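> what shape does this take:
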Amino acid sequence: MKAPLSWLKEYVDIKLTPEKLGERLTEVGLGCEKIEKTKDDVIFDLEITPNRPDCLSIIGIAREIAAIEEGKIKLPKVLKNIENVKPAKTLPLKITTSSEINPRFTGIIINGIKVGKSPTWLVEKLEKVGQRSINNIVDITNYVMLEIGNPIHAFDYDKIKGATMKVHLTHGGEKFTSVDGISYHLPKNAVVISDNEKIIDLCGIKGGENSGTYENTKTIFLRVPIEISNLIRRASQSLGLRSEASSIFERGVNAGGAVEALSRTVELILEIAGGEIASPLYDIKKEDFKPWKVNLNLERLNKILGIEIPEQEVKNLLERLNLLNKKVSNNKLEVTIPTYRNDLKIEEDIIEEVARLYGYNNFPKTLPIGQIPTNTIPYFKDYKLEEKIKNTLKTGGFSEIYTYSLVSESDLQDCEINPDRALRVDNPVSREFEYLRPTLKINLRKALLQNASNFEKVNLFEIGKVYLGKNLDEAKEEYRISGISSNKTFYEVKGILERILEDLGIKEDISEYIKVIDEGVFFEINYNELIKNTKPKKKFKPVAKYPPITEDLTLVINENIKVGNIIENIKIQSNLIKEVEVIDKFEDNVTLHIVYQNDKGNLMKEDAEKIRVKILKSLSEKFKIKLQD
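Numbering: from 1, shown residues only. Below you'll find the model as predicted:
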């Protein structure tokens, strides 16, 4: 939002230097991105947060400056008593609308205007905020929108066929040409106005070419709409079409200021373009848009802010923000909220207003107090466990990557995933980011292919969310650990994954958690289930005092026998067997490394031989396995 200093000074006395004013505006939440000095003015470039649509206007910024400077606002000149104006000539107009899609329809007809160039002062003001002059009628509507914050639209009354305006939702696919000559096919449920023949306005976004004001326009209908934010936002996003008006409506316009904005516009049009009012005031609404009240507990305010602000100072701070208040009990104030402050709904909002105007820099620098919570919050995530898993994978030669959650249709098809089985974003920023990933394999595979030409060995992993289901009713999120390798064997990867389970204290077989593991080599594990069953606490076991005896046994096994079952069988033969692991496999031969150790004394060679005989006897009886010759 660009705000010229000269324009701001029309509504509030400013004593601070531009530099100091920019600092103070930033301190109260209106980020001053840049101060541009021209030959005759100073332009403030302000970053307005989405919750402050009132500050998308010169008056709104002037109110903030008045609060900072403890000054008064001087409101612009408006046509008084527009509600009671009795026109000499009344032109017909039938309006059909619904409060469900158009909460307030405010407008009036002006006859006998002369469309032409705008006066120099108006052209210069618009140019300073980056607007080009079009004609006096359009310029006045833009000027009032920038000044007060309510968008206004002027229709050529004579182009409204049948003198009828119907506000309704589109069915989808209707053609509409905007005032700047660009044609669109409208999405479903866009708010539009039609006359007896055609659509003449895309409400809250763009006016129609077929009802705009041009040089030959003699009679206009001025409309100050109040739109529903969600409807305007969806239509704007679907069309990829944004305007200053849509930016205001998306955030929430001042519903109580419609008549004021219309009165200001009429005042300027009668002064600059001439003409006379030719209809009563149309103000169609289901409810009155009046200020609302919020209670503020002073004790709670001081507790939340952590400092003691005297009651009278709290009241003064609120009144400087035009938040009138009165005491209703010993520690409670009733605060009246003006209709242009849509962001103030609950007590915490009022507390924030007090804090930001009081000045966050005035709060003492203290350490947080209170007890450390002992109960785990529902959304707690143990990053220590995640770090442990990452370190194990890194030790195994893998490198971590982070990728986007959104993928394209072709990405899904490359991984043989049907796009109809994946969640699609309704309004994707591009076709490259259209679907939520149902697996981490998609981007890991792409990263492997991109790096394969530059590196002989590529081993990558990622821990992140996948999004399952084909529609919102079935949708769910799931954390997964996935990896891909260009050189590691199936058994190497399986060993790394088993080490992860061992580090987490999980005794179940790794196959209980693996979603997929193949010879590509790619793997994917359900991280949620893994963490749910983790037992990270371990008992300390001192290093054995007595040396072990190790030996390798090469066994001839049937290919249908799982090596895991063989290892489990060996371990139960004696409590002196401490470790059993596979060190080699060739065709039907498997070489196992066995460690024997006695914690209470030296182990003799004869003791190990007795255990070996027992092992080979058990394997022969149970699995028909024999020792290789």
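> for stretch 523-530, buried residues please.
Neighbour-count burial for stretch 523-530 flags 523-527, 529-530 (criterion: 16 or more other Cβ atoms under 10 Å). Where you see a C-beta, it was placed from the backbone N, CA and C, and this is true even at glycine.
> of the residues you listed, closest to residue 304?
If you rank these by distance to residue 304 using Cβ to Cβ, residue 527 comes first, at 36.9 Å.
> so which pair among the buried residues of stretch 523-530 is furthest apart in space?
Using Cβ to Cβ, the buried residues of stretch 523-530 span at most 14.6 Å, a distance reached by 523 and 529.
> give the buried residues for the host helix or strand of residue 393.
Element membership for residue 393, per DSSP states H and E: helix 383-395. Buried positions in helix 383-395, judged by neighbour count with 16+ other Cβ under 10 Å: 385, 389-390, 392-393.
> mean confidence score for stretch 284-292?
Regarding stretch 284-292, the rounded mean pLDDT is 93.
> whoops, stretch 41-55 was the one
In this model, stretch 41-55 has an average pLDDT of 94.
> swap in stretch 605-614?
So the average pLDDT for stretch 605-614 ends up being 91.
> what residues sit buried inside that stretch?
For stretch 605-614, by 16+ other Cβ under 10 Å, it's 608, 611-612.
> same question, stretch 236-253
Using 16+ other Cβ under 10 Å as the test for burial, stretch 236-253 gives 236-239, 243-253.
> and it, average pLDDT?
Rounded mean pLDDT across stretch 236-253 is 90.
> one more: stretch 1-18?
The predicted model assigns stretch 1-18 a mean pLDDT of 94.
> list of residues touching it?
21, 24, 35, 37, 40-48, 55-56, 58-59, 61-63, 65-66, 68-69, 71-76, 125, 128-130 (Cβ atoms under 8 Å, 6 or more residues apart in numbering).
> type out the PyMOL command that picks the buried ones from those.
A single PyMOL command suffices to select whichever of the contacts of stretch 1-18 are buried according to 16+ other Cβ under 10 Å:
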select buried, resi 21+24+42+43+44+46+48+55+56+58+59+61+62+63+65+66+68+69+71+76+125+128+129
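> and of the buried residues of stretch 236-253, the nearest to residue 28?
Nearest member of those to residue 28, counting by Cβ to Cβ, is residue 251, at 18.1 Å.
> okay, the closest one and residue 353: tell me how far apart.
18 Å (Cβ to Cβ, to the nearest Å).
> again with residue 145
Distance from residue 145 to residue 353, by Cβ to Cβ: 25 Å.
> what sits up against stretch 470-477?
The contact list for stretch 470-477, computed with Cβ under 8 Å, 6+ apart, reads 420-423, 465-469.
> could you identify the most distant pair in these?
Spatial extent of these (Cβ to Cβ) is set by the pair 420 and 465 at 21.0 Å.
> need the contact list for residue 428.
Contacts of residue 428 by Cβ under 8 Å, 6+ apart are 406, 434.
> hmm, 10 Å instead?
406, 408, 434-435 (Cβ atoms under 10 Å, 6 or more residues apart in numbering).
> what of residue 390?
Neighbour list for residue 390: 383, 398, 400, 461, 463, 481, 500 [criterion: Cβ under 10 Å, 6+ apart].
> buried ones in the helix or strand encompassing the fifth one?
To tie it back to what came earlier, the one meant is residue 463. Following DSSP H and E, one finds residue 463 within strand 459-468. Using 16+ other Cβ under 10 Å as the test for burial, strand 459-468 gives 459-464, 466-468.
> again, but for stretch 611-624
Neighbour counts over stretch 611-624 (16+ other Cβ under 10 Å) mark 611-612, 615-616, 618-619, 623 as buried.
> pull the residues that contact it.
With contact meaning Cβ under 10 Å, 6+ apart, stretch 611-624 is reached by 549, 551, 553, 555-558, 560-562, 565-566, 569-574, 576-577, 580, 592, 594, 596, 603, 625-627.
> give me the subset of those residues lying in strands.
Those of the contacts of stretch 611-624 mapping onto strands are 549, 551, 553, 555-556, 577, 580, 592, 594, 596, 626-627, per DSSP state E.
> and those, which are buried?
549, 553, 555, 577, 580, 592, 594, 596.
> hmm, residue 566 and the fifth one touching each other?
Right, the one you point to is residue 580. Yes - Residue 580 lies in contact with residue 566 (Cβ atoms under 10 Å); the separation is 8.6 Å.
> any shared contact partners between these two?
Counting by Cβ under 10 Å, 6+ apart, the residues touching both residue 580 and residue 566 are 592, 615.
> just the pLDDT for the nearest residue to residue 533 once chain neighbours are set aside.
Take residue 533 and drop its neighbours on the chain: the residue closest to it by Cβ to Cβ, 6 or more residues apart in numbering is residue 506, 5.5 Å away. For residue 506, the model assigns a pLDDT of 81.
> and residue 90, what does it touch?
Neighbour list for residue 90: 109, 111, 277-280 [criterion: Cβ under 10 Å, 6+ apart].
> change it to 8 Å
Counting by Cβ under 8 Å, 6+ apart, residue 90 has contacts 278-280.
> next one: residue 382
residue 531.
> ramachandran coordinates for it?
phi -80, psi 100 (degrees, to the nearest 10).
> rewinding a little: strands paired with whatever helix or strand comes next after the helix holding residue 393, and their directions?
Following helix 383-395 in sequence order, the next helix or strand is strand 399-400 (DSSP H and E). Note on strand 399-400: by DSSP bridges, its sheet partners are strand 459-468 (parallel).
> quick one: the strand it pairs with to helix 383-395, angle?
140 degrees (axes from the mean of the first three to the mean of the last three Cα atoms, to 10 degrees).
> contacts for stretch 63-75 next, please.
Contacting residues not belonging to stretch 63-75 are listed as 8, 10-16, 21, 24-25, 28, 30, 54-55, 59, 62, 320-322, 357 [Cβ under 8 Å, 6+ apart].
> report the secondary structure element holding the closest residue to residue 49 other than its chain neighbours.
Excluding the flanking residues, the one nearest residue 49 by Cβ to Cβ, 6+ apart is residue 29, at 6.5 Å. Secondary structure assignment for residue 29, by DSSP H and E: no helix or strand.
> show me what stretch 336-355 is in contact with.
51-54, 60, 149, 251-252, 254-257, 289-297, 300-301, 304-305, 309, 314, 317-318, 321-325, 335, 363.
> the same query, at a cut-off of 6 Å, please.
Contacts with stretch 336-355, where a contact means Cβ atoms under 6 Å, 6 or more residues apart in numbering, come from 51, 54, 252, 254-256, 289, 291-294, 296, 301, 304-305, 314, 317, 321-322, 324, 335.
> send the alpha carbons of that stretch over as PDB?
Output of stretch 336-355 as PDB, limited to C-alpha atoms (Å, rounded to 0.1, in the frame of the first residue of the first chain):
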ATOM      1  CA  THR A 336     -17.100  -0.700  21.400                       C
ATOM      2  CA  ILE A 337     -15.600  -1.900  18.100                       C
ATOM      3  CA  PRO A 338     -16.100   0.200  14.900                       C
ATOM      4  CA  THR A 339     -17.300  -1.700  11.800                       C
ATOM      5  CA  TYR A 340     -14.000  -1.000   9.900                       C
ATOM      6  CA  ARG A 341     -12.100  -3.200  12.500                       C
ATOM      7  CA  ASN A 342     -13.300  -6.600  11.400                       C
ATOM      8  CA  ASP A 343     -10.200  -8.100  13.000                       C
ATOM      9  CA  LEU A 344     -11.300  -7.400  16.500                       C
ATOM     10  CA  LYS A 345     -13.700 -10.100  17.700                       C
ATOM     11  CA  ILE A 346     -12.400 -11.500  21.100                       C
ATOM     12  CA  GLU A 347     -10.800 -10.300  24.200                       C
ATOM     13  CA  GLU A 348      -7.300 -11.400  23.100                       C
ATOM     14  CA  ASP A 349      -7.600  -9.100  20.000                       C
ATOM     15  CA  ILE A 350      -8.200  -6.100  22.300                       C
ATOM     16  CA  ILE A 351      -5.200  -7.100  24.500                       C
ATOM     17  CA  GLU A 352      -3.000  -7.200  21.400                       C
ATOM     18  CA  GLU A 353      -4.200  -3.700  20.400                       C
ATOM     19  CA  VAL A 354      -3.200  -2.300  23.800                       C
ATOM     20  CA  ALA A 355       0.200  -4.000  23.600                       C
END
